Structures are given as structure tokens and as C-alpha cells.
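K.L.:
build me a structure from this.
(2 chains)
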Amino acid sequence: MKDSYIGQAWLVLLLALAFGGMLAGVQASLSGRIEENKRRETYDQIPSLVVIRDRRTGKVATRADAAKTVEVVTDQGKVAYHAFSSYGKPVGWVIKGAGQGFADRIELLVGLNDDATKILGMYVLDQKETPALGDKIRGEDFRDRFRDRFTKEPLVARPVVTDASAGNKIQAVVGATISSRSVCDIVNAAVADFKPWLAAYQAKGADERPGGEED
Amino acid sequence: MAQDGPTGLERFINGILPENPVYRQVLGMCPTLAVTGNMKAAMTMSAAVAFVLICANIMTSLIRDLLRPHLRILVFTLTIAAFVTVADRALAAYLPEMSKELGPYVPLIIVNCIIICRCEVCASKQRVLIAASDAMGQSMGFALALASIATIREILGTGAWFGVPVMGTWWPEWGIMVLPPGAFITLGALLGVANWLGTMRSGKAATGEK
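P.N.:
Got it, this is the predicted structure:
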């Protein structure tokens, strides 16, 4: 018994169980606060994520007002943020996406126009990608590459893109192609999940909305 | 009972300067270079490392008689990883901005050589009090090292300390000091000074003996 695997590893197993219990307790007690921090950060980012620009001049025509944002629960139980201008005009949506990156899970926010045909902005809420390489997905330089892209076709990250502003190709971060691809995949998945629900939501009208309730 | 090695107080003092983890043992270089761009980040990292190091040392010391030689590194890693996750979650909950700034460097404490080294060298062989004193000394030494580097980098790079302007508007702000090259330059210079002081001290001690 002493030389069996269990006999040798009982301490490791016991510690793993004890630490697992401890971490579950920590997560249970802190997750509410962590989620609230993320919610606050989301509201802080809404004005920069949902911005309508003038096609010719590129100047900001309408910007979402965080105070007028309405949280809507989609049919999958996810929260989408319906953004309005300070005059009460619907400007767009902010949705959350999450998925596996190169090192760990990436969580991000995607700003969309009101019918979700165009991406207005992208913000990385949480990531643990390689410092100085993959973590450049947080940078404005990379995030700006998603702005004004149409959602008709899924976005793809490419190491070399000749015309960076056209089509569905996103110039990947140099040395971090996998992180860049992950971000594109997460954006694509979030948009693909959201669009059918939005179509039904807008078709039904305000009185009878499918699986959605506004807070 | 015969004392095995230095006392708790001696271990505490040794960790601060004579066996400073950064300047004398050259361990924990990743956070030393990466998070010393400003004092707030450096002190947060020091606090996180101190929490993990003290908890891991105490835990390892408590179970030292149950450790099997070929499984000890696994147990150390498991213990350290558990406490690092607690520190990571606590930072995300109470200091979200700092958690974002430190990013992956908090989870990377798991592979910080200082912690695994102290578990192996001290905690797995010593009583709880001595292991805790050792951890506190090493944590203090690590915090002092990070503070010295961060102070130079932040003041020269931004003219501020803890975000508070200290140099006045005349200071040109050497941007390179808060960038990665600044970390290498500062660490190299301070390591040189620490080695020079160490050589001077050992030279004086040798002369005195003669």
C-alpha cells in the first residue's frame, strides 16, 4: 500500500481537494464584486464603443450615453446593452464575447450599430496573453482595426493584409497571430449568437419581445 | 533542542539585505523588470508575492514531515498556485485597475523562483515560525528591491513618485526609463552597486581578519 500510487500521492490528492474547496469559497465570495467591477467597466466603455462617425469627415456624429443605456437579457440568458444617445435615440448595442486565447480566456466587448450590421468598436475586458506580444490586443492600434467592419462575413486575422481597411481581413498583431485569431473568433461568435435574437427582438416590437426583458 | 541553522530573526534579517532575493540571489527577475515602471504596481506586486510566499512557506512547513522527496516540487507548486489564485481573485475584486495593469504577472507568481526556492531551502526543513520569519524577510527584501528600482524609474521617467509630481515642470521626463530598456539599465546599475558594496564589505572583513 505504501508504494502504490495512492500510497505515494495521497498528500497531493488531499491538498488538491482542500485547495479546490478553498478556491471555490474564494470564488463564491468574490465573484459578485468582480462581476460588478466588469459591469462598471462596461458602462465606462459604452460611449467609446458605440460611436457613429460621419462617413466623409470621420468626425463623431453621435455618441452613446452610458446613463441612457438599457440592459436587455437575450434568449440565451446573456446581457446585451442597448445604447442610446443623450437625446434618447437608439445608437447601437454592446455585447460581450468570451473564448480561449493563446494563454487563457479572453473576455471582450463588441460595439455594434443598431441593426448589428457593423462593428463600431471593440474593447478587451480581460486577458492574460503573453506580455508585450499577445497583450497588444488591448492596444488602441489593434482595436481600431475592428471599427466599421461589416458583420456580413466573419472576420479573419491575417499576418499580412495589403488593404487593411477593406473586407473582412484584420491585420494580426505581429508575433501574436493566435491571440489575434482568437479575438476575431470571439467577435464572430458573439455577433453570430446575437444577430438572430436581435432580428426577432426588433421584428416583434416593444410590447412582445422574445426572451428579452429590459431592466 | 539544538538549533538547525540560523534563527528566525537571523533568517528575517538575512532576507532583507545579505541574501536579498533580487540583488544577491538574482531571483524573480521577471516581475522585477516588468512591473517596476511605477511604485504603485511594484508595491502591489510585492504585497501579492509576500502573501503567497508567507502562506506557502507556512503551509509547506506544516506538512514537511509528510513530504515525499520525489513529490515535493509538485506539492510546492500546488500550494503556491492555490495561494496565487487567491491573490489574483482578491486583486480583481478590490483593485481592478491594478489587476489589469499587472495582467499576467500575477498568475506568473506561480513560477517565481523566490517562492519555490524558499519552500525547498527553508520551509520544507524548518519549523513554522522559522519558515514564516524567512518568508517575511525575503518578502521584505523583494519589496525593497522593487521599490528601489521603481523609485528610480518612475522619478526619472515621469518626474513623479506614487503618481505625485516630485521633480517639477523643469524635468524633461526620460521616457525610456519607464520602458523595458529602462528596467534593464536600472537593474544593471543597482546590481553593480550591490556587488561593489558586497565586495567592499568582504574586502574589509578579510583585512580585519588578517
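
K.L.:
was I right about A:Gly111 contacting A:Met122?
P.N.:
Yes. A:Gly111 is in contact with A:Met122 according to C-beta atoms under 8 Å; the separation is 7.1 Å. The C-beta positions use only the backbone N, C-alpha and C, and glycine is treated the same way.

K.L.:
need the residues that contact the lowest-mean-pLDDT helix or strand in chain A.
P.N.:
Within chain A, no helix or strand scores below strand A:60-63, which has a mean of 80 by mean pLDDT, DSSP states H and E. Under the criterion C-beta atoms under 8 Å, 6 or more residues apart in numbering or on different chains, residues A:Pro47, A:Val50, A:Val51, A:Ile52, A:Arg53, A:Asp54, A:Ser85, A:Lys89, A:Val91 lie in contact with strand A:60-63.

K.L.:
by neighbours, which of these wins?
P.N.:
A:Val50 (29 neighbours; other C-beta atoms under 10 Å in any protein chain shown).

K.L.:
pull the contacting residues for that one.
P.N.:
A:Arg63, A:Ala64, A:Ala83, A:Val91, A:Gly92, A:Trp93, A:Val94, A:Gly111, A:Leu112, A:Leu120, A:Gly121.

K.L.:
in TSV, list those residues along with secondary structure and distance to A:Leu133.
P.N.:
Converted to TSV, these look like this (DSSP: H, G, I helix; E, B strand; the rest coil; distance: C-beta to C-beta, whole Å):
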residue	secondary structure	distance to A:Leu133
A:Arg63	strand	32
A:Ala64	coil	32
A:Ala83	strand	32
A:Val91	strand	34
A:Gly92	strand	31
A:Trp93	strand	31
A:Val94	strand	27
A:Gly111	strand	25
A:Leu112	strand	28
A:Leu120	strand	27
A:Gly121	strand	23
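
K.L.:
tell me who's in contact with the residue nearest the centre of chain B.
P.N.:
Chain B has B:Phe142 as the residue nearest its centroid, 2.6 Å off, counting by C-alpha atoms, centre = their mean. B:Phe142 makes contact with B:Asn20, B:Pro21, B:Val22, B:Gly28, B:Ser46, B:Val49, B:Ala50, B:Leu53, B:Ile114 under the criterion C-beta under 8 Å, 6+ apart.

K.L.:
now do the strands in chain A.
P.N.:
A:51-53, A:60-63, A:65-73, A:79-84, A:90-100, A:105-113, A:118-126, A:149-150, A:156-158, A:169-171 (DSSP state E).

K.L.:
list the strands paired with the first one, with their directions.
P.N.:
To tie it back to what came earlier, the one meant is strand A:51-53. Neighbouring strands of strand A:51-53 in its sheet, by DSSP bridges, are strand A:60-63 (antiparallel).

K.L.:
buried ones in the strand it pairs with, by neighbour count?
P.N.:
Buried residues in strand A:60-63, defined by neighbour count with 16 or more other C-beta atoms under 10 Å in any protein chain shown: A:Thr62, A:Arg63.

K.L.:
alpha carbons only: can I get that strand in CSV?
P.N.:
Extracted in CSV, the C-alpha atoms of strand A:60-63 (Å, rounded to 0.1, in the frame of the first residue of the first chain):
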residue,chain,number,x,y,z
VAL,A,60,-18.1,61.8,-34.3
ALA,A,61,-21.7,62.4,-35.3
THR,A,62,-23.5,60.6,-32.4
ARG,A,63,-22.1,59.0,-29.3
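
K.L.:
check what pLDDT residue 142 gets.
P.N.:
Looking at chain A here, since you left the chain open. pLDDT recorded at A:Phe142 is 94.

K.L.:
that's the other chain; I wanted chain B
P.N.:
97.

K.L.:
quick one: buried residues of the helix or strand containing it?
P.N.:
Using DSSP states H and E, B:Phe142 sits in helix B:128-158. Neighbour-count burial for helix B:128-158, counted by 16+ other C-beta under 10 Å, picks out B:128, B:130-146, B:148-158.

K.L.:
wait, doesn't B:Thr32 sit right on B:Asn20?
P.N.:
No. Here B:Thr32 lies out of contact with B:Asn20, judged by C-beta under 8 Å, at a distance of 11.2 Å.

K.L.:
the contacts of B:Phe142 in strands, which ones?
P.N.:
Per DSSP E, those never map to strands.

K.L.:
what's around the closest residue to chain B within chain A, how many residues?
P.N.:
Across chain A, the shortest distance to chain B (C-beta to the nearest C-beta) belongs to A:Phe19, at 3.7 Å. The tally of other residues near A:Phe19 (other C-beta under 10 Å) stands at 18.

K.L.:
where does chain B come near chain A, residue by residue?
P.N.:
By the rule C-beta under 8 Å from any C-beta of the partner chain, the part of chain B lying against chain A is B:34, B:63, B:66-68, B:71, B:74-75, B:78-79, B:81-82, B:85-86, B:89-90, B:92-94, B:96, B:103-105, B:107, B:180.

K.L.:
quick one, which of those residues are buried?
P.N.:
Judged by 16+ other C-beta under 10 Å, buried ones among those: B:34, B:63, B:67, B:74-75, B:78-79, B:81-82, B:85-86, B:89-90, B:92-93, B:96, B:103-105, B:107.

K.L.:
so who does A:His168 touch?
P.N.:
Rather than His, residue A:168 is Asn. Here A:Asn168 is in contact with A:Arg149, A:Phe150, A:Glu153, A:Pro154, A:Leu155, A:Val156 (C-beta under 8 Å, 6+ apart).

K.L.:
and the residues you listed, which two are furthest apart?
P.N.:
A:Phe150 and A:Val156 (13.3 Å; C-beta to C-beta).

K.L.:
output the below-cut-off pLDDT ranges for chain A.
P.N.:
A:1-2, A:164-166, A:205-215 (pLDDT under 70).

K.L.:
need the longest helix for it.
P.N.:
Looking across chain A with DSSP state H, the single longest helix is helix A:5-49.

K.L.:
against which helices or strands is that helix packed?
P.N.:
strand A:65-73, strand A:79-84, strand A:90-100, strand A:105-113, strand A:118-126, helix B:72-94, helix B:96-102 (3 or more C-beta pairs under 8 Å, 6 or more residues apart in numbering or on different chains; DSSP states H and E).

K.L.:
ok, for the residue in chain B that chain A sits nearest to, nearest residue in space, not its chain neighbours?
P.N.:
Taking C-beta to the nearest C-beta as the measure, the point where chain B comes nearest chain A is B:Ala82, at 3.7 Å. Once flanking residues are discounted, B:Ala82 sits nearest to A:Phe19: 3.7 Å by C-beta to C-beta, 6 or more residues apart in numbering or on different chains.
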